[in-house]
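Asker: Quick one, fold the following:
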Amino acid sequence: AQALQEALENGHVQVEQRNGEVVMRFDTPAPETLPQQMTEAAEALDSVEREQGHPTDDVLLAGLAEVLDELASNARDRAEAEAQQASAERSAAIAEAELRVALRQEVAEGLVTVEQEKDRLLVTVGAGGAFPSGEADLTEEARDVMARIAFSAMGDASDIKVTGHTDSVPLSSMSPYRDNWGLAAARASSVVRELSGAGLISPERLTATSRGETMPVGDNTTAEGREQNRRIEIEITY
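Answerer: Numbering: from 1, shown residues only. I've put the predicted structure just below:
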């Protein structure tokens with residue numbers, strides 16, 4: 001007991017003799033401090049065993065019951081969360097592969113991109129191929145694309161957010177929309193209605209939002225850049 005106490009000079013772990021036994025007592029341990037306390041205790045036990053030449057497996061540990069239960073619970077929660085994350089990432093990877101096959105022609109033509117980001121799938125549809133200029137009604141080709149996206153997302157997906165984006169060109173005075181915010185919102189709403197109308201996705205899982213011209217991915221001073229900025233992004237979270 002004396003040798004152990006000397007090895008534990010910082011006082012984080014107390015050593016005492018109790019009923020003929022040596023007890024290492026962890027005073028008010030917490031999940032944050034316990035790893036350091038346990039490391040110090042293990043080093044002390046190794047030191048005493050080397051110096052005295054006999055095993056220390058008869059040393060009792062006290063004061064750990066509650067904190068070890070908490071640590072075990074935290075470990076279980078962490079393992080479950082990691083398993084759920086891994087499962088979600090697998091679902092997203094499978095969905096990406098399925099969509100790349102289902103939309104292979106559109107992907108090859110550069111009209112649609114499909115990307116996986118951990119547990120999310122991001123499908124970007126060029127607005128030029130999805131909507132007539134200045135309008136928010138989907139083309140027939142775009143409706144077919146949405147049907148295939150809905151089929152892919154109907155299973156494991158939890159949330160689907162549709163975001164409309166535009167270029168920075170002001171709308172004409174004849175437009176039914178006040179500005180690019182309104183046009184992007186209307187287009188996102190059209191996509192949400194189409195996805196919901198397929199009957200494969202519960203409406204409460206769908207969200208439509210507008211970013212107008214505020215998040216360009218291309219240069220609005222060039223025709224190519226403006227075309228890149230006119231897009232619909234469908235974010236599917238698993």
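Asker: which residues in this structure form strands?
Answerer: Ranges of strands in the chain, per DSSP state E, are 13-18, 21-26, 60-62, 112-117, 120-126, 159-165, 206-212, 231-237.
Asker: Quick check: which helices or strands does the fourth one pack against?
Answerer: Based on contacts counted as 3 or more Cβ pairs under 8 Å, 6 or more residues apart in numbering; DSSP states H and E, the elements that strand 112-117 packs against are helix 65-102, helix 104-108, strand 120-126. Every residue, glycine included, has its C-beta placed from N, CA and C.
Asker: wait, doesn't residue 14 sit right on residue 37?
Answerer: No - in this structure, residue 14 is not within contact of residue 37 by Cβ atoms under 8 Å, at 10.7 Å.
Asker: most remote residue from the chain's center?
Answerer: Largest separation from the mean C-alpha position in the chain: residue 20, at 54.4 Å (Cα atoms, centre = their mean).
Asker: Any stretches of this protein with poor pLDDT?
Answerer: For the chain, the stretches with pLDDT under 70 are 7, 10-11, 27-29, 62-72, 156-157.
Asker: what's the residue closest to the geometric middle of it?
Answerer: Compute the mean C-alpha point of the chain, and by Cα atoms, centre = their mean the closest residue is residue 119, 5.4 Å away.
Asker: List the contacts of the residue nearest to that residue when sequence neighbours are not counted.
Answerer: Ranked by Cβ to Cβ, 6 or more residues apart in numbering and with sequence neighbours excluded, the top spatial neighbour of residue 119 is residue 88, at 3.7 Å. Contact analysis of residue 88 by Cβ atoms under 8 Å, 6 or more residues apart in numbering lists 118, 119, 156, 237, 238.
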